[in-house]
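Predicted model follows, preceded by the sequence.
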Amino acid sequence: MQIIILGAGQVGSGMARSLSREENDITVVDTDPDRLRELQEKLDIRTVLGHAAHPQTLFRAGIEDADLLIALTNSDETNMVACQVAYSLFNTPTKVARVRAADYLAHPELFNREHAPIDVLISPEKLVTDHVQRLIEYPGALQVLDFADGRAQLVATRAFHDGPLVGRELKSLRENLPAGVDARVAAIFRNDRAIMPEGDTVIEVDDIVFFLAATRDIPLVMRELRRMGRPATRIMLAGGGNIGSNLARRLERKHHVKIIERDARQAELVADELDTTIVLVGDCADEDLLHEEGIDEIDVYCALTNDDEANILSSMLAKRMGADKVITLINR
């Protein structure tokens, strides 16, 4: 398959690395010659230096013969214009674009052949925000994945010794659930090994159980596997960027939310956008600041900055100082 990737940043480079392993013909476009040189030294790909949305750049990249265009630059506008150019001038069959700004994502009607002809819209920040929100809403969940437009979910949770189903056969799960509630155990991980679940499989303490159920029934099923703690109400977010501000916007109606943002101007912008969230200017790894803001009473601490080291350090600090649960974003 002939694939053109626009943007040689972290996401674009990772995409090129993954797709090049599958015997695809990959061309990467970027304005940074050093990034392209480094990428070409590591991978068997073509590179083109130029602006990703310019027709001449796309032509030099081979857009006329491309089966797939993946626009992953740091600019939403560049990604959208590139897809428009590919559609209008070169009739590229499939166009994928990364769009980060919540203002664009709030209007899905923009993304169709009559307006911005993007076949697949991806937003890593939205995916991260969705995932973190689910982990907060389901205390004890290790992973949560949506199916059927969110009507069903696959949840991974660790079985605790006082769970009603622990020590019993899987076939008794249905007997313990209320009428009208159904669930299927899809997999069990025990001592880092996958187990194919059967009706007579016995769930043991510390098993990681993956089960599928209707979204509305997830809490009921989780109660069969572990003691459910109190719902998280006090949330602290490190980082007021796209992920942190959007997550706060979703949570602030039902939770007490605080954001720590290093940049004073960004903190002011975020504070203006939110209603009840408290926005603090400071360093998320400042032990005195965390103590003053009651880190020992926080139910969930989320480190969501663009700095992996800061996220790891502040998460370790928050946990040591008493935060009940810690969620850490690692970009690499």
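Okay, I see it. As the structure is a computational prediction, the values presented were derived from the model and not from experiment.

per-domain residue ranges of this structure.
2-122, 140-223, 234-328 (automatic domain parsing).

For residue 131, which of the ones you listed is the nearest?
Residue 131 lies closest, by CB to CB, to one member of those: domain 140-223, at 6.9 Å. In short, each C-beta sits where N, CA and C put it, glycine included.

end to end, how far does the closest one reach?
End-to-end distance of domain 140-223 (CA to CA, to the nearest Å): 10 Å.

So which bits of the lowest-mean-pLDDT helix or strand in the chain are buried?
One helix or strand of the chain scores below all others by mean pLDDT, DSSP states H and E: helix 173-176, with a mean of 75. Using 16 or more other CB atoms under 10 Å as the test for burial, helix 173-176 gives residue 173.

ok, back up a step: residue 130 is nearest to which of the domains of the chain?
Closest approach to residue 130 among these (CB to CB): domain 140-223, 7.7 Å.

Reformat the domains of the chain into a markdown table and put distance to residue 132 next to each item.
Shown next, in a markdown table, are the domains of the chain (distance: least, CB to CB, whole Å):
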| stretch | distance to residue 132 |
| --- | --- |
| domain 2-122 | 15 |
| domain 140-223 | 10 |
| domain 234-328 | 6 |
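
rank those domains by pLDDT, which is bottom?
The minimum mean pLDDT among the domains of the chain belongs to domain 140-223 (a mean of 86).

Tell me which helix or strand the residue nearest to the spatial centre of the chain sits in.
Per CA atoms, centre = their mean, the C-alpha nearest to the average position across the chain is that of residue 128, at 2.0 Å. Residue 128 belongs to helix 124-137 when elements are defined using DSSP states H and E.

Now for the nearest residue to residue 80 once chain neighbours are set aside: which residues touch it?
Leaving aside its sequence neighbours, residue 80 sits nearest to residue 116 (CB to CB, 6 or more residues apart in numbering; 5.0 Å). Taking CB atoms under 8 Å, 6 or more residues apart in numbering, we find residue 116 in contact with 80, 83-84, 97, 110.

rerun at 7 Å
Going by CB atoms under 7 Å, 6 or more residues apart in numbering, residue 116 touches 80, 83-84, 110.

Format those residues as CSV; extra columns: secondary structure.
Below are the contacts of residue 116 laid out as CSV (DSSP: H, G, I helix; E, B strand; the rest coil):
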residue, secondary structure
80, helix
83, helix
84, helix
110, helix
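
Count the neighbours of residue 198 for me.
Residue neighbour count, defined by other CB atoms under 10 Å, stands at 10 for residue 198.

show me where the stretch 201-332 of the chain has strands.
Assigned by DSSP state E, counting those that start in this stretch, the strands in the stretch 201-332 of the chain fall at 208-214, 234-238, 256-261, 278-281, 300-303, 325-328.

ok so, going back, after the least confident helix or strand of the chain comes which helix or strand?
Counting by DSSP H and E, the element after helix 173-176 in chain order, helix or strand, is strand 183-190.

so what strands line up beside the helix or strand just after that next one?
Going down the chain from strand 183-190, the next helix or strand is strand 193-195, by DSSP H and E. The pairing partners recorded for strand 193-195 under DSSP bridges are strand 183-190 (antiparallel).

For the partner strand, which outside residues touch it?
With CB under 7 Å, 6+ apart as the test, strand 183-190 has contacts from 154, 170, 173, 177, 194-195, 197, 201, 204, 207-213, 217, 221.

from the chain's centre, how far out does stretch 90-105 sit?
Centroid separation for stretch 90-105 versus its chain: 18 Å, with CA atoms, centre = their mean, to the nearest Å.

cool, stretch 6-23 as well?
Mean-position distance between stretch 6-23 and its chain equals 18 Å (CA atoms, centre = their mean).

and that stretch, which residues are buried?
For stretch 6-23, by 16+ other CB under 10 Å, it's 6-8, 11-13, 15-16, 19-20.

Same check on stretch 44-51?
Residues of stretch 44-51 classed as buried by neighbour count (16+ other CB under 10 Å): 45-48, 51.

Kindly format the C-alpha coordinates of that stretch as CSV.
Taking C-alpha atoms only, stretch 44-51 is exported to CSV below (Å, rounded to 0.1, in the frame of the first residue of the first chain):
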residue,chain,number,x,y,z
ASP,A,44,13.3,2.0,5.0
ILE,A,45,11.1,4.9,3.9
ARG,A,46,11.1,8.0,1.6
THR,A,47,11.1,11.5,3.0
VAL,A,48,10.0,14.8,1.5
LEU,A,49,10.9,18.2,2.9
GLY,A,50,8.1,20.8,2.6
HIS,A,51,4.8,22.2,3.9
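
What segments of the stretch 1-150 of the chain are helices?
Remark: helices assigned in the stretch 1-150 of the chain by DSSP state H, counting those that start in this stretch are 10-20, 33-42, 55-60, 76-90, 102-105, 124-137.

Right, I'll leave it there.
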